[in-house]
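Peer 1: Prediction below, plus the sequence it came from.
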Protein chains: 2
Amino acid sequence: MKKFSLTMLAVGISLSSFASEAKGHPNLILTEPGVERMRDNLGEVPLFDKSLATVKQEVDAEIAMGIDTPIPKDFSGGYTHQRHKQNFFIAQKAGVLYQVLEDEKYAKYIRDMLFQYEAMYKDLPLHPQERSYSRGKLFWQCLNDSNWLVYMSQAYDAIYDYLSADERKTLEDNLFRPFADFISLENPQFFNRVHNHSTWGIAAVGMIGLVMNDEELIQRALYGIEDDGLEVGGKDNDGGTIKVEGQRKGFFANLEEPFSPDGYYTEGPYYQRYAMYPFLILALAMENNRPDLKVLQHKDNVLLKGINALLNLSDADGEFFPLNDAQKGMSYKKASLVTAVDLAYFYGEKDPRLLSVVEKQGEVLLQESGLEAAIDIRDGKAVPFVKSSVNLSDGPNGDQGGVGILRYGNEDLTLVFKYAAQGLSHGHYDKLSFSLYEKGEEVLQDYGLARFVNIGQKGGGNYLKENTTWAKTTIAHNTLSINGTKHFDGEYDVASQHHSELFTFNAEDDNVKVVSATEENAYPGTLMHRTMAVIKDENFEKPFVLDILRVDTDKKNQYDLPFYYMGQIIDKNFTHESPTTLSPFGEDNGYQHLFVEGKGNASEGNTKFQWLQHGKYYTLTMVTNAEDEVYLTRIGANDPDFNLRRDAAITLRRNDTQDTLFVSVVEPHGSYSPVSESSINSRSSIKNLEVVFNNDDYTGVRITDVKGDTQLFIIANRDNDSSAKHKVEIDGKSYRWVGPFFYM
Amino acid sequence: MKKFSLTMLAVGISLSSFASEAKGHPNLILTEPGVERMRDNLGEVPLFDKSLATVKQEVDAEIAMGIDTPIPKDFSGGYTHQRHKQNFFIAQKAGVLYQVLEDEKYAKYIRDMLFQYEAMYKDLPLHPQERSYSRGKLFWQCLNDSNWLVYMSQAYDAIYDYLSADERKTLEDNLFRPFADFISLENPQFFNRVHNHSTWGIAAVGMIGLVMNDEELIQRALYGIEDDGLEVGGKDNDGGTIKVEGQRKGFFANLEEPFSPDGYYTEGPYYQRYAMYPFLILALAMENNRPDLKVLQHKDNVLLKGINALLNLSDADGEFFPLNDAQKGMSYKKASLVTAVDLAYFYGEKDPRLLSVVEKQGEVLLQESGLEAAIDIRDGKAVPFVKSSVNLSDGPNGDQGGVGILRYGNEDLTLVFKYAAQGLSHGHYDKLSFSLYEKGEEVLQDYGLARFVNIGQKGGGNYLKENTTWAKTTIAHNTLSINGTKHFDGEYDVASQHHSELFTFNAEDDNVKVVSATEENAYPGTLMHRTMAVIKDENFEKPFVLDILRVDTDKKNQYDLPFYYMGQIIDKNFTHESPTTLSPFGEDNGYQHLFVEGKGNASEGNTKFQWLQHGKYYTLTMVTNAEDEVYLTRIGANDPDFNLRRDAAITLRRNDTQDTLFVSVVEPHGSYSPVSESSINSRSSIKNLEVVFNNDDYTGVRITDVKGDTQLFIIANRDNDSSAKHKVEIDGKSYRWVGPFFYM
């Protein structure tokens, strides 16, 4: 029987798209030969055995508790939501256990649960919570209903042959088919978009279609609903546009549009981690059933590239950079990333660095790919995953800006520079913003989202209003706000039409790595050009960041450039007033959420500001003039529900100025230990930071250190051609070089 | 030669106090037989070898850099301070290396350094920084000069035999003797106190006296200066009293007065950790030279008990509870604790639990005791150090209050309840205050000190003025403030005359552990009686704290009871107003440093407040009435130099009330993971908390949980006799029991 199936699978690969019809089950994520291999290796592969034991313990505990399928009632944080969510997770796992361990109790558990759902679903009305633009039935939104079906399809596939034909017909007629139609035909505003929501809907419909061998559902998943009857321009409850002119739909569209050729997902890594699973799981199911369609290999292997991109979008601890809406702490230890990394290893080029990520994850997918990874780890094939500097383009064709990551050493210093497209409805208004990490610890933070995911007490676990009024605003980010407004005035439709442009990215020289980009649309009539370099000089203990932000504009403006430092203020070289009564920094655009704890005048020449965090010192040195103002702020104003963290920033304000230039250095140095109580190298190594040249063509910055040595950095403002020759005269001395920047 | 000395030592024990005269060097901390044993074991004991290698690397690096003895100039954070401090540390270590490795370069290094000091010291004026009440010469205060001599005595002892008699005479006449006289005879206000400063001075004088075999210095160290000419009542620059009526002095006085019979040091563990080293090192030197005086065994082994007490005053990570002035993060990994634990092991009862502490420290003292610990660790003798609940009395005779620590499990929940004496000049005005830990993480914090020790940029690394205006105040602690004033009105002299009284301490039953104490002097005319219980009930996931604070007073007052929670607010059951502009909570007594972020009315019955920290939920349930007010505050007002952390509290205020009762439960529960995004057991298990009985004799509290089960706790308010019989009738039912409290 097993041998037979194996033969059929081999034949299937060379046949037409209908080859799958003749295949047995499981054939979705598990395959018969894969299951056979897992059985054969039981007890032989430590990480696989451990993962299996963990899952078995979890499922057995749930089986012992009995099945509960309550009438849907609650938001994310509540019992009915959690129970139904737990049900589909456990059912999928029980399916794997049934296949691998061949113990019928798991099949019976799934069958009983499915029939409880079947009995309930026929007459189930819309979920009573009305907040969603596409309410589900089991959950408050179709998104979660789709999650259910993605997992339940796998459970169903696992026990397909265990069920009688009659049982299957009952489940398919009364539960699966109506369920699939509900989240697609009856909710086109959910299903027919290019959005992570739709991805789940598509995967759900496609996967149950594959199990049922229902060609209509499969086609619907791959290509969307032909005539959805939707009007152009509607919005979902996160403010995202539901339908744009000429919108594409279905799996391929969702794969092509949000993923750049480099595998960057336009919403950012937090949502990529979420969207990745349905993409991968459907692609794998297609690979197992319709390899001729080459879904897994679509767009030059973009899905596997996406996994690589995602891993590179994490800090030293594997936590994803919180670009756009993103909950901090989410990491590649997430279960969906276990799937992703195992698949990337198995279906990719067997990159042994991925095995060290698998080791950190501490578990593998209970599927052939996970088995393979566990075997190779057992056999000592893992090598460390040391992330390098990387530039990831955004946009379907990779021409809509991107994210540049400059790394020094093994995450000794990691700069994340965002010059991407808007990123759909989860995008923030933060062109040319950056965040900075030292060994996985935030030095200058990106705030992330304003939401307590799945904590019911906090707004049902959903997005809080401060996500819009604070987290998405420009002033909430380490980038330039002009005249107290947001980029694109915070207008999503306008922002979605634009993206920043890469000027240069160069990480070839270990001692000077550069990323530079321009933005012309965030503030009409204004060009912002930001160049960031990670530099390591022998007179400096650690690498530092040089930040050059040039503004070319058509009128006088007020500029605010904040740095969201983390830690305790240690020193500064300017005087400030600290009000006894704290007032907000402004009235809107996020300023209403900032209290001003201090206001001072910048120093003529250099303004210096030092803080201490996690036993490490950091000094910000800014080129300033005495008319510049410095604000010390803290988040938390107009936040009656305490939804925001009370984090601090220092903001440089320049008033009534037209074209201008902001030059800063962020310099990590030294250490402090509360145990030894010794304070080491606690002062900045910079004696002077100055602009030595600045016109439309070139900007030159000189750093003089405390030993009297100098470094010179020049960016060619107009010409980013890598072969262009440049010459600049500074202080009577000529400097000649080739390419967009010079450093000496 | 070696054998001879060993014999002499054995003889010495049975001889008079002049036995040491005949002994060779080293004889201070190192001994000839001890050195011999270290040499014999080289390469055989991993932890010892590792410690030796680390020290050798450090010393060799310093020797390579050359000796620098700069003219003294700076405060703690500055170069000259750090350099001289580094010099004595390195010299002491070089002495050990010379003895163990027998490499002359180490002896030469010490000799050269000592002669540089000798050349400088003769004409050295007072240190130019004038802040200290007892300015030093090498450092800004005699305290640091004394540190220098404690370490340099050891270095000198190590090379004593290497030097010629002429060299020794030069050093002793021009450096050591004048140095010892300066920090004692010339600074009696420093030397002749009972204070951790004096302890260092005493150890310094005693140790150099032992090396020089100078009986006058030894006697001065042990018994102080007979006629110091000081007036009663002067103050040091920390506000501590220099001389009180009938003040005792010298080593024995310093050992007897601040240490309770349980080994608790009245200033608290942070200063105990600091003071311990000179106590121990001098006691060890005396043990090696004058065993007949039984200094190490003085006061029923109080020094060894002190080490045990200190270890018990640490959290799960070995960090000391920050009682009184204390920098957070200081832990038993501190070098002085390495000395202490090794000595406690060697000279104590060879408690194998101490070996697991040594393992965590990761290094041993390069002395026979460290060798022994390392050998026994190598031989697998270590057993885990699981701390239990413990009550540590304060006061020379153990009758001046104390500190009670209730622990559940292996630090699953740790309550630190302070009902001690004032604690000398580093004491805080926080009678009956507490802090709470879960597995080493702060749940409700004690603020600690307002100081950045050794960080020059922050007030020279010294105490900041906010230490007085904030950290020492009553409102800065988790205890009751009445009428917005401090305990004892913040008057040190008054506070120093009083202490709280233990009512009961009982940790026999794992499911209900109780500490209770009274305070009658903090607010004249007012009795405060606080009872805290750590309770584990089967309907509760985790243990919780029941807090009963009863006030019996002669007039109507305003009461403030704050809880300094750590984390993000998740939920509450009362409404509040959040001002758009933040103002201070009050004008003085610490209130001026608190911003009011929210003000509301308490709920009738129970006021509930929930927060999330480090992925764990906590709920505070308080018995309140609708007239009570709730304030949500944050530290940071009137703090222009950002010397304070922006931490939060919830404060219950009760106005215009005479006798009253505060009953609360602090309940840890559940978890949240940003990776799984699952929120588990995120709600309080308490349905109702109520006072069911309250009069002068008894206070009864009933907890009804969400399953409808109840717990009843009754404290006998007057009679704490463990054999007293009690009977109370509640809701028509009689409860009878024996002892101070009842729980069912």
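Peer 2: Cool, got the structure.
Peer 1: Excluding sequence neighbours, find me the nearest residue to the closest residue to chain B within the stretch 201-350 of chain A.
Peer 2: Residue nearest to chain B within the stretch 201-350 of chain A (C-beta to the nearest C-beta): residue A:329, separated by 2.9 Å. Bear in mind the C-beta positions are built from the backbone N, C-alpha and C, glycine included. With sequence-adjacent residues excluded and distances taken as C-beta to C-beta, 6 or more residues apart in numbering or on different chains, residue A:329 is closest to residue B:674, at 2.9 Å.
Peer 1: which stretches of chain A aren't confidently modelled?
Peer 2: Segments of chain A classed as low confidence (criterion: pLDDT under 70) are A:1-23, A:238.
Peer 1: Can you give the domain ranges for it?
Peer 2: Following automatic domain parsing, one finds the domains of chain A at A:67-228, A:258-387, A:390-743.
Peer 1: Kindly list the longest helix within chain A.
Peer 2: In terms of residue count, the longest helix belonging to chain A (DSSP state H) is helix A:79-101.
Peer 1: Determine the set of other helices and strands touching it.
Peer 2: Taking 3 or more C-beta pairs under 8 Å, 6 or more residues apart in numbering or on different chains; DSSP states H and E as contact, the helices and strands that helix A:79-101 lies on are helix A:32-41, helix A:46-65, helix A:104-121, helix A:142-159.
Peer 1: ok, the closest residue to residue A:196 other than its chain neighbours - contacts?
Peer 2: Counting by C-beta to C-beta, 6+ apart, residue A:275 is the residue found nearest to residue A:196 once chain neighbours are left out, at 4.0 Å. With contacts defined as C-beta atoms under 8 Å, 6 or more residues apart in numbering or on different chains, the neighbours of residue A:275 are A:196, A:199, A:200, A:258, A:265, A:267.
Peer 1: Now do the contacts for the last one.
Peer 2: Listed by C-beta under 8 Å, 6+ apart, the contact partners of residue A:267 are A:196, A:258, A:275, A:324, A:325, A:423, A:424, A:426, A:427.
Peer 1: Make TSV out of these and add secondary structure and distance to residue A:456.
Peer 2: Written out in TSV, the entries for these read as follows (DSSP: H, G, I helix; E, B strand; the rest coil; distance: C-beta to C-beta, whole Å):
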residue	secondary structure	distance to residue A:456
A:196	helix	22
A:258	coil	30
A:275	helix	24
A:324	coil	24
A:325	coil	19
A:423	coil	27
A:424	helix	26
A:426	helix	21
A:427	coil	27
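Peer 1: Would you reformat those as a markdown table and include distance to residue A:742?
Peer 2: Formatted as a markdown table, the entries for the contacts of residue A:267 read as follows, by distance: C-beta to C-beta, whole Å:
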| residue | distance to residue A:742 |
| --- | --- |
| A:196 | 43 |
| A:258 | 37 |
| A:275 | 41 |
| A:324 | 34 |
| A:325 | 38 |
| A:423 | 33 |
| A:424 | 38 |
| A:426 | 38 |
| A:427 | 34 |
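Peer 1: Quick check: phi and psi at the nearest residue to residue A:646 once chain neighbours are set aside.
Peer 2: Computed as C-beta to C-beta, 6+ apart, the closest residue to residue A:646 that is not its neighbour in sequence is residue A:636, at 4.8 Å. With angles defined as degrees, to the nearest 10, residue A:636 sits at phi 140, psi -10.
Peer 1: same question, residue A:605
Peer 2: Note on residue A:605: its backbone torsions stand at phi 100, psi -90 [degrees, to the nearest 10].
Peer 1: List the residues that contact it.
Peer 2: Under the criterion of C-beta under 8 Å, 6+ apart, the contact list for residue A:605 reads A:623, A:624, A:688, A:690.
Peer 1: ok and the residue in the stretch 601-744 of chain A nearest chain B?
Peer 2: Nearest to chain B in the stretch 601-744 of chain A, going by C-beta to the nearest C-beta, is residue A:674, at a distance of 2.9 Å.
Peer 1: SS state for the residue nearest to residue A:329?
Peer 2: Under the three-state scheme (DSSP: H, G, I helix; E, B strand; the rest coil), the conformation of residue B:674 reads as coil.
Peer 1: Perfect, I'm done here.
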